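[1] Attaching a predicted model along with its sequence, questions to come.
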Amino acid sequence: MAVTIRDVALQAQVSVSTVSRALSAPGLVKEATRQRVLDVVAGLGYQPNRAARSLITGRTGNLGIVVPDLLNPFFPSILRGVQTRAGEAGTSVFFCDSREDPDTEAELVRTMAAQVDGVVLCASLLSDDTIVDLAAVTPLVLINRIVPGVSSVLMDSASGMDQVVAHLESLGHEDHVYLGGPAAAWSNDRRMQGLAGRARLLGSFEPNFNGGYAAAEQALSTGATAFICYNDLIALGVLAYLAAHDVKVPEQISVTGFDDILYATMCSPALTTVHMPTEAAGEVAVDLLASLLDGGPAEHRELPTTLVVRASTTARPRPA
């Protein structure tokens, strides 16, 4: 006879509902209990019947995630975290790219609402009111955005930027310029909070390599000894421009990035940056979504960020 969820519960010495949560919402179960359930599941060869579970629970067994730009290497590790945690629960994940267009983002959420149990929104460009409206359509969790009454997980960009400035000041730099990201980006505001007026604001730039390349010429004209970049992609563009114009990094100019994407270790010089716990954020987002589906209240979680010092920063050059 086929192994049932009751067989698993009996052998694991837990309730049927605990087995269900261990498989569908692992963040709501103690790790020791979850592991015991998983060991029994493996030992008995239990296979949850998704079709039957859908009929019983009214759920699809799917969740959606919308990111603003799949070409940005910041987002794949968030997707990995979401898929890892969802996979542990036997849940499928639908990925969508809004191409940094708020109207497309909202339409994607509304379209997916009938096909998924909830949606994770990454770095949303939508207004607070629109996000609240969408949260009434489907359970919603935000990554790197806070809207009152909507569950969210935040990677602490303000603290990360504070660490960047403290690092540069410890090296003797007194004149920094900030090469900002999109003016409408919520994460750009958080980074500026961390700067706390300790750097000149150069302007807003496209958050990519070309944006950084274009920004570098303006930054050089300021005479600053350190360039603080909104993200690693802008910093990579800055490094390329400086190399093409025989400006030595870090001997003449120190450069910092933000996000700690893979390429930050592969460029020359390797980039001093802020590590963002992207994969962990994806996992936490799924846990928060599972809590909402179980009738829990909206929650907010904040994950710490860490400065990673590499070869693109050094002591302020002495005046000639």
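    Thanks, I have the structure now.
[2] wait, is Val120 part of a helix?
    No. Val120: not assigned to a helix; according to DSSP: H, G, I helix; E, B strand; the rest coil it is strand.
[3] Show me what it bridges to in the sheet.
    Counting by DSSP bridges, Val120 is bridged to Ile65, Val141.
[4] Let the chain start at 58 from now.
    Shifting the count to begin at 58 puts that one at Val177.
[5] So it sits against Phe132, correct?
    No. If you go by CB atoms under 8 Å, Val177 and Phe132 don't touch, sitting 11.3 Å apart. In short, each C-beta sits where N, CA and C put it, glycine included.
[6] out of those two, which sits in the more crowded spot?
    Comparing Val177 with Phe132 by neighbour count (other CB atoms under 10 Å), the higher total belongs to Val177, at 29 against 23.
[7] Please give me every residue in contact with that one.
    By CB atoms under 8 Å, 6 or more residues apart in numbering, Val177 lies in contact with 120-123, 139, 197-200, 339, 342-343, 346.
[8] filter those to the buried ones?
    Buried subset of the contacts of Val177 (neighbour count, 16 or more other CB atoms under 10 Å): 120-123, 139, 197-200, 339, 342-343, 346.
[9] Identify the farthest-apart pair in those.
    Pairwise distances across the buried ones among the contacts of Val177 (CB to CB) peak at 15.1 Å, for the pair Leu197 and Gly339.
[10] The nearest residue to Thr61 once chain neighbours are set aside: what secondary structure?
    Spatial nearest neighbour of Thr61, excluding adjacent residues (CB to CB, 6 or more residues apart in numbering): Tyr103 at 7.7 Å. When classified by three-state DSSP, Tyr103 comes out as coil.
[11] what about Tyr103, neighbour count?
    Burial measure for Tyr103: 18 neighbouring residues, criterion other CB under 10 Å.
[12] Same check on Cys153?
    Neighbours of Cys153 under the rule other CB under 10 Å: 18.
[13] Got phi/psi on it?
    Note on Cys153: backbone dihedrals following degrees, to the nearest 10 are phi -140, psi 150.
[14] what about the helices in the chain?
    62-69, 73-81, 88-101, 107-114, 133-145, 159-169, 185-194, 214-227, 243-252, 266-277, 289-301, 335-350 (DSSP state H).
[15] Spatially nearest residue to Asn245 (excluding sequence neighbours)?
    In space, and not counting its chain neighbours, Asn245 is closest to Gly238: 4.2 Å by CB to CB, 6+ apart.
[16] Hmm, Arg247 and that neighbour touching each other?
    No. Contact criterion CB under 8 Å: Gly238 and Arg247 do not qualify, at 10.4 Å.
[17] Between those two, point out the one with more neighbours.
    Using other CB under 10 Å, the more surrounded residue of Gly238 and Arg247 is Gly238, with 24 against 20.
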